[in-house]
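Trainee: I would like to see how this sequence folds:
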Amino acid sequence: MPETMLEIALACVRRGWYVLPCVPKDKTPLISGAYKSASNNEVQVRAWWGRWPNANVGIAPGKSGLAVLDIDHGLRNADDFAGWTERRGLPGTYTVRTGRRVNKDTGEPEYGVQAYYAAPEALDTFPWLDGEHGGEVRSAAGHIMAAGSIHPSGAAYEVLIDAPVCPVPDAVRRLPRGSGTGKPGQANAAVVWDGVSKITDHRNMTMISVLGRFRAGGADDAEVSEQANRINEESVLPPLEEAELARLVANACKWPVGEPDPVVTIGGKPSPGPGIAAPAGPVDWRSHYHTFEQVSNAPRPRFLIDGFLQLQSITAIAAPVGQRKSIIGLNVAHCLCTREPLFDHFPANPDAVPSRVLYLCPEMGLISFSDRVRKIGLMPHVCESFFVRTMNPVQETPGKRPDTLTLEDLQEDEVKNAVVIIDTAVRFIQGDENSSADMRVFANSIFRLAEIGAAAVVVLFHSGKTTKEQPELTLENAMRGSGELGAFVTCCWATRLQLGEDEDEYRAKSYLRNVKPRDFEAKPFEVIGTRDAQDNVVNDCRMHWIDNGEAKVVLSQKAHGVKTDADGMEDLSVSIIKAHPELKIRELQAAMKAAGIKKPRCPSWISTKRAELRGAGVHTE
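Mentor: Numbers count the residues shown, from 1 in each chain. This is a model prediction of the structure:
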């Protein structure tokens with residue numbers, strides 16, 4: 001049997017259930033979003049309980065494919081429960097005895113039970129009332145406490161019947177719907193979030209519960225007080241006395257204000273998320289660090305595509321416009337779906353197969369993209385293992401533009417074990433690429449995809465135009481804008497067409513260089529489009545590895561800004577660069593002008609020549 005709360009949480013994850021940490025000896029979630037933020041990602045679960053080792057384990061029934069029959073009132077012992085279920089024809093299923101032991105109103109013994117049923121399609125959560133028995137059916141909304149968690153009364157939730165989870169029976173669906181908590185005599189007690197429901201019973205307890213959730217979500221003292229007054233005026237019948245309300249507000253404000261969620265990232269540092277409540281009391285400083293178990297049990301780096309695309313990574317493909325980024329991205333998708341080697345060189349890992357590829361391409365229309373899909377041979381995989389979204393509308397959605405799909409729209413069951421290809425980042429960035437704050441928001445959107453289970457995220461970035469003129473590809477010139485962009489990716493492949501003098505771009509090679517290796521290194525290499533027997537270009541969108549030794553950047557005279565030595569001053573310009581290695585580019589241009597060169601060479605030309613003289617391996621054609 002699991003002994004620690006982490007072991008309890010992991011045991012639930014192994015059953016396929018989604019869990020969330022709750023306040024120790026309480027039911028209040030420690031994370032914002034409550035059941036909506038529950039996860040079955042083991043890395044995320046270990047991170048939560050690494051921070052709060054004593055946190056109770058909550059289960060989100062709806063996300064876990066469960067409907068839970070919660071019997072709060074009317075039972076006194078296990079025989080009562082067995083008789084009640086038998087009379088209603090309910091089958092035996094996995095059942096937990098809750099920590100409820102005594103009816104607070106009457107002082108009489110009470111036997112709380114939660115029976116778990118399988119519900120692939122979540123049921124509406126609703127209160128029910130059947131004679132003296134009452135409670136809730138919890139599924140689509142809310143959470144329950146896992147066996148082993150501690151009830152506020154101090155009693156533990158215990159497994160009553162350890163049996164397989166049965167399909168939800170019709171008798172549960174047909175339970176007579178009550179209102180409020182499902183307790184006899186309670187007409188309209190409810191937790192209020194939107195001012196619609198009315199609180200008529202247990203007003204103090206309900207109010208403090210609501211205020212606690214606002215506090216956990218990051219509300220300061222003034223915001224807690226404002227919410228309390230609004231709810232009291234709009235929803236509490238009769239409203240609480242001013243002094244009583246002030247006392248509840250004061251108690252709620254004693255709790256710590258929610259702190260940022262610990263977001264599990266891949267390939268970067270954790271980034272701030274929505275507010276969550278910090279544990280009360282002093283914190284052991286060791287809780288700031290990974291445990292020995294977390295470090296020693298962390299898996300070794302693995303690949304989806306050996307030597308190119310790492311599992312659980314955020315990989316960038318960066319280049320200026322018109323440098324075949326999308327074609328490279330499509331070749332990655334082709335490899336993942338067909339299992340054929342990428343560029344006929346990098347094999348797909350047979351032990352790491354993604355469930356699907358989601359290709360988001362709002363920069364291209366459906367007609368053009370579909371043409372590429374046909375040419376590369378992905379059409380048999382469409383809507384099977386390959387899903388695409390272009391700039392064309394899919395369907396009309398009330399209140400929303402039909403052609404928009406944000407990263408936040410992607411759902412957990414959609415993303416889990418999928419490779420998400422974003423073509424290109426700029427279409428999903430809200431704000432300024434040069435703003436660290438705006439790029440942090442974008443990074444958090446990507447981190448969210450990793451957190452909810454993406455096998456990998458591939459992001460295509462537009463580099464600056466001047467990158468085409470640089471003699472060397474680096475992370476700095478490949479990832480333009482805020483340094484935040486280059487910081488949050490695990491790996492970055494920079495690419496550029498190898499356009500020689502007067503060379504046709506359709507026949508040009510593509511150069512790729514890993515400018516941010518994290519857990520692996522790869523030499524620069526070149527790929528080229530398909531050729532027929534007569535060396536004619538075959539436009540099938542496939543790219544193929546070229547085995548020609550160590551690939552190097554090719555700069556044509558076009559990139560130098562001077563196609564030929566038109567003024568006859570090239571040799572003199574080179575001699576000035578050679579004689580003055582200490583001068584900066586602007587100083588060299590001034591020296592050229594002083595030497596009688598009417599049109600000093602541009603910075604990119606000077607940089608190239610300087611690199612050649614240093615023996616940097618850069619050559620021109």
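
Trainee: I'd guess P393 is in a helix, am I close?
Mentor: No: with DSSP: H, G, I helix; E, B strand; the rest coil as the criterion, P393 is assigned coil and is not in a helix.

Trainee: ok, H381 to V168 distance?
Mentor: If you measure H381 against V168 using CB to CB, to the nearest Å, the figure is 35 Å. Every residue, glycine included, has its C-beta placed from N, CA and C.

Trainee: for R610, what are its contacts?
Mentor: Listed by CB atoms under 8 Å, 6 or more residues apart in numbering, the contact partners of R610 are 577, 581.

Trainee: since we're on M543, how many residues are nearby?
Mentor: In terms of burial, M543 registers 24 neighbours under the definition other CB atoms under 10 Å.

Trainee: and the residue nearest to it when sequence neighbours are not counted, how many neighbours?
Mentor: The shortest distance from M543 to any residue that is not its chain neighbour, by CB to CB, 6 or more residues apart in numbering, is 4.1 Å, and that residue is V527. With neighbours defined by other CB under 10 Å, the count for V527 comes to 23.

Trainee: downstream neighbour of whichever strand or helix holds V527 in the secondary structure list?
Mentor: With the criterion set as DSSP states H and E, the secondary-structure element containing V527 is strand 525-529. The element immediately downstream of strand 525-529 (helix or strand, assigned by DSSP H and E) is strand 543-546.

Trainee: and that next one, how far out from the chain's middle?
Mentor: 32 Å (CA atoms, centre = their mean, to the nearest Å).

Trainee: and the nearest residue to V102 once chain neighbours are set aside, what is it in contact with?
Mentor: Closest residue to V102 apart from its sequence neighbours, by CB to CB, 6+ apart: E110 at 5.8 Å. Shown in contact with E110 (CB under 8 Å, 6+ apart): 72-73, 75-76, 100-103.

Trainee: Try it again at 10 Å.
Mentor: Going by CB atoms under 10 Å, 6 or more residues apart in numbering, E110 touches 71-77, 98, 100-104.

Trainee: Report the buried residues of the helix ranked longest in the chain.
Mentor: Of all the segments of type helix in the chain, defined by DSSP state H, the longest one is helix 436-451. Along helix 436-451, the positions that meet the burial threshold by neighbour count (16 or more other CB atoms under 10 Å) are 438-440, 442-451.

Trainee: between these, which is nearest D306?
Mentor: Sorting the buried residues of helix 436-451 by distance to D306 puts A450 at the head of the list, at 20.6 Å, by CB to CB.

Trainee: was I right about that closest one contacting V419?
Mentor: No: A450 is not in contact with V419 according to CB atoms under 10 Å; the separation is 11.6 Å.

Trainee: overlap in contacts of those two?
Mentor: 313, 456-457.

Trainee: now those in TSV, with pLDDT, secondary structure and neighbour count?
Mentor: Formatted as TSV, the entries for the shared contacts of A450 and V419 read as follows, by pLDDT from 0 to 100; DSSP: H, G, I helix; E, B strand; the rest coil; neighbours: other CB atoms under 10 Å:
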residue	pLDDT	secondary structure	neighbour count
S313	93	coil	25
A456	96	strand	30
V457	97	strand	28
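
Trainee: follow-up on the earlier one: now do the contacts for the residue nearest to M543.
Mentor: Under the criterion of CB under 10 Å, 6+ apart, the contact partners of V527 comprise 324, 327-328, 331, 342-345, 495, 509-512, 542-546, 551.

Trainee: Can you check the pLDDT for it?
Mentor: As predicted, V527 sits at a pLDDT of 94.

Trainee: For K416, see how far away it is.
Mentor: 31 Å.

Trainee: what does V68 give?
Mentor: Taking CB to CB as the measure, V68 and K416 are separated by 23 Å.

Trainee: And these two? Which one has more around it.
Mentor: Between V68 and K416, counted using other CB under 10 Å, V68 has the larger neighbour count: 29 against 16.

Trainee: so what's that one scoring on pLDDT?
Mentor: V68 carries a pLDDT score of 94 in this model.

Trainee: beta partners of it?
Mentor: Beta-bridge pairing of V68 under DSSP bridges involves Y116, R138.

Trainee: Quick one: residues contacting it.
Mentor: For V68, the contact set (CB under 10 Å, 6+ apart) comprises 59, 61-62, 94-96, 114-117, 119, 123, 125, 135-139, 142-144, 165, 168, 172.

Trainee: Could you find the closest non-adjacent residue to M592?
Mentor: Using CB to CB, 6+ apart and skipping the chain neighbours, the partner closest in space to M592 is P600 (4.0 Å).

Trainee: what about the strands in the stretch 401-550 of the chain?
Mentor: 418-423, 456-462, 491-498, 509-514, 525-529, 543-546 (DSSP state E, counting those that start in this stretch).

Trainee: so which of those gets nearest N477?
Mentor: Distances from N477 to each of those were compared using CB to CB; the shortest belongs to strand 491-498, at 8.0 Å.

Trainee: Walk me through which strands that closest one pairs with, and which way each runs.
Mentor: Counting by DSSP bridges, the strands paired with strand 491-498 are strand 314-319 (parallel), strand 509-514 (antiparallel).

Trainee: Including distance to L129, could the strands of the stretch 401-550 of the chain go into CSV?
Mentor: Compiled in CSV, these are given as follows (distance: least, CB to CB, whole Å):
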stretch, distance to L129
strand 418-423, 43
strand 456-462, 48
strand 491-498, 58
strand 509-514, 64
strand 525-529, 68
strand 543-546, 66
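
Trainee: Between those strands, which one is closest to E469.
Mentor: Comparing the strands of the stretch 401-550 of the chain by CB to CB, strand 491-498 comes nearest, at 10.0 Å.

Trainee: ok, A122 touching Y18?
Mentor: No: taking CB under 10 Å as the definition, A122 is not a contact partner of Y18, at 11.7 Å.

Trainee: how near is L10 to V373?
Mentor: With CB to CB as the criterion, L10 and V373 are 41 Å apart.

Trainee: Let me fix that, I meant to ask about L69.
Mentor: 48 Å.

Trainee: same question, L75
Mentor: The gap separating L75 from V373 is 59 Å, by CB to CB.

Trainee: R15 now?
Mentor: For R15, the distance to V373 equals 39 Å [CB to CB].

Trainee: The two: who's more crowded?
Mentor: Neighbours per residue, other CB under 10 Å: of R15 and V373, the larger number sits with V373, 21 against 16.

Trainee: which element follows whichever strand or helix holds the more buried one toward the C-terminus?
Mentor: According to DSSP H and E, V373 maps onto helix 366-376. Later in the chain than helix 366-376, the nearest helix or strand by DSSP H and E is strand 386-390.

Trainee: Please save the CA atoms from that following strand in PDB.
Mentor: Below are the C-alpha coordinates for strand 386-390, written out as PDB (Å, rounded to 0.1, in the frame of the first residue of the first chain):
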ATOM      1  CA  PHE A 386      -1.300  14.100 -39.200                       C
ATOM      2  CA  PHE A 387      -3.600  17.000 -38.400                       C
ATOM      3  CA  VAL A 388      -3.300  20.400 -40.000                       C
ATOM      4  CA  ARG A 389      -4.700  23.900 -39.400                       C
ATOM      5  CA  THR A 390      -4.100  26.600 -42.000                       C
END
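
Trainee: on contacts alone, who are the packing partners of that strand?
Mentor: In this structure, strand 386-390 makes packing contacts with helix 325-338, strand 356-361, helix 366-376, strand 418-423, judged by 3 or more CB pairs under 10 Å, 6 or more residues apart in numbering; DSSP states H and E.
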